[in-house]
Structure formats: C-alpha cells, structure tokens
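Asker: Can you look at this prediction? I've put the sequence above it.
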Amino acid sequence: MLRIAGWAVVGIAALLAVAAAALWFDGGPIVAWAINHPVSASMGRQIRVAGPLTIRWGSPSRIVAETVSVANAPGAKTPTMFRAKRVAIEFYPSSLFSGPTQVPRLEIDDANLQLETSPQGIGNWKFTTAAPKHREHFPVLQRFVVRNSALEWHNGRTGARTMIDVTALDLDAPDATSPVKIAGEGRFQQLAVRLSATVGPLQQLRNPAKPYPVAVWSRLGGMDLAIDGTVMKPLDFSGVDFRLSLQGATLKELADALSLPLPELPQFRGTAKLRGGEGDWRLDALSLALGKSDLEGGIAIDTNAKVPEVTANLTSSYIDLADFAGAVGATPAHAPAYRPEPSPSGRIIPDTPIAIHKLPGIDARIAFYGTRIRSTSGLPLQRVTLDLGLKNGVLTLKPLRFHVASGDLDLTMSFTPWVKTGAPRLDADLAISQVDLHQLFASPTYPAPLHETRGKVGGFVRIATTGVSVRQFLARMDGDAGIFMENGQFSLLLQKIAPIDVLESLGVLLTGDQPLPINCFVSHFNIKQGVATASTFVFDTAETDVVGAGNINFDSETLYLDLKPSNKRPAPLSLRTPIEVRGTFRKPSFGVNPTGILARLGAAVGLGVVFPPAAILPLIDTGLGPQNACSRAYAHAPQGPAGTPAPLSGSSTPPR
C-alpha cells in the first residue's frame, strides 16, 4: 500500500508541476487538458477530471478536482482502477523543483480503488512512471484524510476477494520531527474495524539508516490486535521486527472473512514475534491459548516459491480436545453458549460440513509434540506426536501417535480435497494396541458403573471414503476393521441398555446380577458403503461361547446383529437362548428369538465352535501383545480352506 501511495504521489506531483505552470496562464482548463494528455501519457493510464477543477494560488497552493478517474490496466476486470467524487491537495510549488515534494494536506472523498492481479500475478498498479524506491525519496505528506471510500482487492490466481470500506481515515503529521498519528474506522469483509496507530516522524521515515517505529492497535469484529516494533524498509515492508498480540471471543469470524479453513473455536489469546520481509517471514516465540489449551513454537513462511511454503514446529503442555470440537461440527466446550436444534430424524452422527474442503493453496509441514491432551471424555492422552503435511492440496498425517490407558494408538491418514468425483476423499489406517479398559473408563466424567469395565483391547481400522461431514464419511466408507479383547469384563451399565434376561442368556452375568469375566473377544468386519458386516464375531466366558452375525449400518444408523450363545459343558439346557439386536444407534432394541436364528448360523454354532481366520491371528498379537489369551485359544484351532473359519452351513447375510 505504501508503494501504491508512492505512485499516486508521483502522479500528483506531475499534476502539480503542470498546475504550477498553468497558474501563470488560464488555470483550470489548461490543467484539465494536461491531465488528459501529457500527465496520462507519463503515467501510462488515462486520467480524467470530468467535474470542475479549481486552483487557488498561495503558499501552500490548493487544487480541488471533482469526478476524478484513473483507467485500469489492460485486461483488468473493470475499466476503472480509481474514481473519486472529490480530490483536494495542498502543496508548495517550490518543493516540486527543489525537493522533497511538500504536501501539507491531501483529501479524498467518496472514492473507490480497485486493486487486482492477473492469473500470472501481475498487479494493475504497475504504472509507466516509477514509484519511489527508497525512503529518502518519499514525499513529505503532513495530513491525509479519506472519507466514505472503499478498496476492493481481487487475487487473479486464487479468485479471492477482499473488501475494505473506509468511513473515515485520518493521518496527521504536524511536523517533520513529531510522531505521525493515524486513526480510522470502517469495515473489513463486513467486520467493523477501528484503528489507532502511532508511527515514526516523517524525518525518520526519510532516514534509511534507522529502523522506522510502528505501534498499532485495532479492533476487528470481536478481536483486538496490537502491533509494536520497527520496519527497516517501510516501502518494501521488509526488515520487519514486530511484537504481536491478538485476543478475542472467537477466530471463526476472522476465518470466515479471510475464507480460511478454521472450525468453530473457543475464546483465544496469543502473542508472537513477526520478523522478516521480501516474502520470507518467521513467527517466533509463538504463544497461543485457545480455551484451556496452549500452543507454543515457531512458524516459517516463504512466499517467494511458486506455492507458498509453511514450516512449523509446535509444542503443547496441555490441550483440551473439547476446545476443538468444532472441527467435527460440534460446539467447543469453552465457546459462547450455542444450542443446536435436535435432528428431526433422530440421527446422532453430526452432518455439519467440515471446513477442510477450504484447504489453502500452500505447501506445509507441521511437527507437533504434546505432553498431555485431554479428550472430550476427560481421558488424558500422553506423548502425542504429529507429523502433518500439505502438498499439492493433499493433507497427510504420517502419523499421529499417542499413549493412552497404558496402550498406544497410531493413525496414518491422507485427505484429498477434490477428486474426479468432486467429493473430498479420506484414506485412514488406525492401529490400537494394548489399551486398558479399566484405565480408559476411570475418568469421573464416565458413569460410576462403567468404572467396573475391565480388559485389554487392541484392533485396527482401515477405510477409504468420501464426503464433507462425519456422517457422509461414515456412510460411504469401504475397508475393514477388527476389535480384540482379553480378560475383559462388561460393567453393570449394560443393564441400562440390554435387559437382564438378555445378558444372562449371553452368559455375561452371574447370579445376583454381577458381571462375568470374558476370556476373549474377537471381531472382524468387512465394510462396504458404510455397512460393516461381521465376518468373525466370537467371545467366550467361563461357561459360554457366543457367535455373532449381522451388520452395522452407518448410513441409516441401524443395527442388525444376531448372537447365538451355547454352553461349554453339558447342562440341563444345552443351548442358551439366541438374541437379536435391532434398532438404531440412538435407541437399540434387544429381543429373544429361540428359533429364528438357528437356520442362519448353522450347526457349528450349536457346538459353540467358530474360529477366526489365520490371517487375523498376527493382528491379534499386535493389538493385545504376545502370549495373549485369544492367541492361546485360537492358534491351534482347526481352520477352513485357505485359513478361513470352518464354514457355517446354511448361513446367509442379514439385510442391510
């Protein structure tokens, strides 16, 4: 903006030189002719004054021009780059020849400035006449007033547009040795703006050996921004050394104004040091607090490359994931109160679009280490590491790792915002290893009965899907998943979900409604278009084997599972009662069906013997650790052809 102002002043200086000569002749008409011809030719743009032009000779002299316009560059979006209802300028004629140019006052009313770049990045402000390149060449402007004007910026490469409406802007430099005061108000992308700044004296601006001081305070929407520091080369905005402070109720309104991919976030505050220039920037000593979460580190930004590059190394002592619930369409825990309307369909999976389809046109590499992260359920995660990359618009995690409940989770992910089908694509691979369920549910935020849950859990999830919300991702996913558990125990909270007679039939309750330990649980699901169909579903207690079949439909959020329990030893009733699990995620139902399931699960179920395929056994060892109860139970079990379970005669696939 300073360089554009320099070009403007050069043009005004040319105008003033013509005006000074014209004062000796007929004044206004000659000046108007000069503007339309020699001045326009020198600037390389057609400049017109369609209204009256008056000149008052004196010291300083004053020119007032009405209905002023400047043509845009060839190929620009609009024919006019600048227009103003009124431009008034005061100047000292002698300074035009002896230098530097002295402009006591410049006023612009009801103006509109259109700035844009071509698809090749060429700006429309490139004039034939060169702008000042050094601080000592910059004109001395003592008072600059803008009223009821607007600036529109259009990026020809990205299509991004920015609107700034100026209600009032006043720059006051009473003399060459006094600090310059700046005050303004208006709107930035529909956000109300108030600005107050103090910068160095004009005399210091013209001294290239001394950094130029800058102090700015601004209120943007509900945010406060403070800048304090120096600039070595103000015209090029390089040699920057700023201290920044930013705080407010939410970053969402700023993100929306800048079209940045930020979800709903809680109250924030942050400080940093901004250094650099000429396209190479660094944010050092970054300290950011979001709700109860903190973040520290540094960020380097290189805008000289064809695609801007961002490199960040960040650490955190504590992060509360509830502060980032907006990333999946929920409301952050420490954000202003918001009560979403309940889904009329009774769905529980959020369908709020996630803003990640707005991934910016940059390449990025972010390394993160967090000492402690609190999950939305209150569970503390430890030793969290993250390696995030953004290259050619593809977002990758390689990987996200964290330690929780004596176990570990590893997530590798790739997200492509746009593919041939037009929908964002997600590929994810999650590995779960040796997670202790008792520690997992020990948080006071869980119901007390759930604290009785026991067992070591492992497993994996491998999916590929498309969508723009959590619901769409789950409803369209393909892949497979497995969950394994040893030495487990379900809590009495199951009684809130399933009737006692159902739990007794499955053999997971003893007399007196006490939970019975589960020796081993093995499940494997094939996933197609959001429907997870059980290929292996077995668990056993001291007295009972249970075999399951059916599916879980994430598209309709429905359950269709059949569970067939059988006694391990001879008993008065050799077969326990089969169970049907139906209903929705929000309201599951459990029923007893003594005959309907038998034909589907086959004779092998009656013996209580169905084994997982051999291909799953190494995954069980990875998830539960060596010498686990499930591997001991199934390592030498008889297998079907090619390592598959013994077939279930008469089996069929339940409906979706």
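Answerer: Done, it's in. In this text, all values refer to a predicted model and were calculated from it rather than measured experimentally.

Asker: so Asp562, which of the three states?
Answerer: Here Asp562 takes the strand state, with states given by DSSP: H, G, I helix; E, B strand; the rest coil.

Asker: So it sits against Glu580, correct?
Answerer: Yes: if you go by Cβ atoms under 8 Å, Asp562 and Glu580 touch, sitting 5.8 Å apart. All C-beta atoms are positioned from the backbone trio N, CA, C, and that covers glycine.

Asker: neighbour-wise, which of these two wins?
Answerer: Regarding Asp562 and Glu580, a neighbour count based on other Cβ atoms under 10 Å identifies Asp562 as having more, with 23 against 20.

Asker: For the more buried one, list each beta-bridge partner.
Answerer: Taking DSSP bridges, one obtains Ala549, Glu580 as the residues bridged to Asp562.

Asker: if I look at it, how far off is Phe484?
Answerer: Noted for Asp562: a distance of 21 Å to Phe484, by Cβ to Cβ, to the nearest Å.

Asker: Repeat that for Lys391.
Answerer: 35 Å.

Asker: neighbour count winner among those two?
Answerer: Per other Cβ under 10 Å, whichever of Lys391 and Phe484 has more neighbours is Phe484, with 29 against 13.

Asker: pretty sure that one is touching Ile518, no?
Answerer: No: the pair Phe484 and Ile518 does not pass the contact test of Cβ under 8 Å, sitting 11.5 Å apart.

Asker: Please, where are all the helices along this protein?
Answerer: Along the chain, the stretches classed as helices by DSSP state H are 2-22, 28-34, 40-43, 95-98, 202-205, 252-258, 437-440, 470-475, 494-497, 500-506, 598-601, 603-606, 617-624, 629-634.

Asker: Averaging pLDDT over each of these, report the lowest-scoring one.
Answerer: For the helices of the chain, the stretch scoring lowest in mean pLDDT is helix 603-606; its value is a mean of 39.

Asker: Name whatever forms a beta bridge with Met163.
Answerer: According to DSSP bridges, the partner residues bridging Met163 are Glu152.

Asker: State the distance from it to Phe188.
Answerer: Separation of Met163 from Phe188 (Cβ to Cβ): 8 Å.

Asker: show me the contacts for the spatially closest residue to Asp280 that is not a sequence neighbour.
Answerer: By the measure of Cβ to Cβ, 6 or more residues apart in numbering, the closest residue to Asp280 outside its immediate chain neighbours is Asp302, 5.6 Å from it. Residues in contact with Asp302, defined by Cβ atoms under 8 Å, 6 or more residues apart in numbering, are 279-281, 308-310.

Asker: With Ala84 instead?
Answerer: Residues touching Ala84, when contacts are defined by Cβ under 8 Å, 6+ apart, comprise 67-69, 108-112, 149.

Asker: What about the closest residue to Met81 other than its chain neighbours, how many residues nearby?
Answerer: In space, Met81 comes closest to Asn72 once its chain neighbours are excluded; the distance is 4.1 Å by Cβ to Cβ, 6+ apart. The number of residues packed around Asn72, counting by other Cβ under 10 Å, is 20.

Asker: In the stretch 51-200 of the chain, where is pLDDT below threshold?
Answerer: Scanning the stretch 51-200 of the chain with the threshold set as pLDDT under 70 gives 128-138, 158.

Asker: Distance of the closest residue to Ser245 other than its chain neighbours relative to Leu474?
Answerer: The spatially closest residue to Ser245, leaving aside those adjacent along the chain, is Ala226, at 4.3 Å (Cβ to Cβ, 6+ apart). According to Cβ to Cβ, Ala226 stands 44 Å off from Leu474.

Asker: quick one: which of the two has more around it?
Answerer: For Ala226 and Leu474, the more surrounded residue by other Cβ under 10 Å is Leu474, and the numbers stand at 19 against 15.

Asker: Surely that one and Gly530 touch.
Answerer: Yes: the pair Leu474 and Gly530 qualifies as a contact (Cβ under 8 Å) at a distance of 6.0 Å.

Asker: between those two, what contacts are shared?
Answerer: In the contact map built from Cβ under 8 Å, 6+ apart, the residues linked to both Leu474 and Gly530 are 554-555.

Asker: In the stretch 51-200 of the chain, what residue spans correspond to strands?
Answerer: For the stretch 51-200 of the chain, applying DSSP state E, counting those that start in this stretch gives strands covering 53-56, 61-71, 80-91, 102-103, 105-116, 140-141, 143-154, 161-172, 180-188, 191-199.

Asker: Show me the contact partners of the second one.
Answerer: Read it as strand 61-71. The contact list for strand 61-71 (Cβ under 8 Å, 6+ apart) reads 15-16, 19-20, 23, 31, 43, 45-56, 79-93.

Asker: Turn the strands of the stretch 51-200 of the chain into TSV, including distance to Val214.
Answerer: Compiled in TSV, those are given as follows (distance: least, Cβ to Cβ, whole Å):
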stretch	distance to Val214
strand 53-56	35
strand 61-71	29
strand 80-91	26
strand 102-103	21
strand 105-116	21
strand 140-141	17
strand 143-154	16
strand 161-172	13
strand 180-188	10
strand 191-199	5
